[in-house]
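Novice: Need a 3D model of the sequence below.
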Amino acid sequence: EAKKSAKVFGSLDDVKGGGLDPFQVFSAELKDISLAMQERVRISGVPTLDRAARYFLERSGKLFRPATMLLLASAAGEGIVLPSQRRLAEITEM
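Specialist: Residues are numbered from 1 along each chain as shown. Reported below is the predicted structural model:
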């Protein structure tokens, strides 16, 4: 049942030959992860914490760890990334 809400990506056959760019494949997911992290930071209500978190988020920018997690989850799940795996990808960047 969890797979019904999961996003399906291309098959592993699509990546043969080394032409895979995980930042392109997961661009929408990575954007969502970045926005979710920014939203979580805004709710702290502590100005100093907000400034420090914004600084971190602006500097981390590339989202390498979440992209790696999404790629691994997709490979292990035959193209399916579960919501719990997406959340884990978000946590790895924090």
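Novice: What segments of this protein are strands?
Specialist: All strands of the chain, identified by DSSP state E, fall at 7-8, 80-81.
Novice: mean pLDDT for the ones you listed: which is lowest?
Specialist: The minimum mean pLDDT among these belongs to strand 7-8 (a mean of 54).
Novice: count of residues packed around residue 34?
Specialist: Residue 34 is flanked by 17 other residues according to other Cβ atoms under 10 Å. For the C-beta atoms, the positions are set from N, CA and C on the backbone; glycine is no exception.
Novice: if I pick it, what's in contact with it?
Specialist: Counting by Cβ atoms under 8 Å, 6 or more residues apart in numbering, residue 34 touches 57, 63.
Novice: Quickly note the distance from it to residue 64.
Specialist: Computed as Cβ to Cβ, to the nearest Å, the residue 34 to residue 64 distance reads 12 Å.
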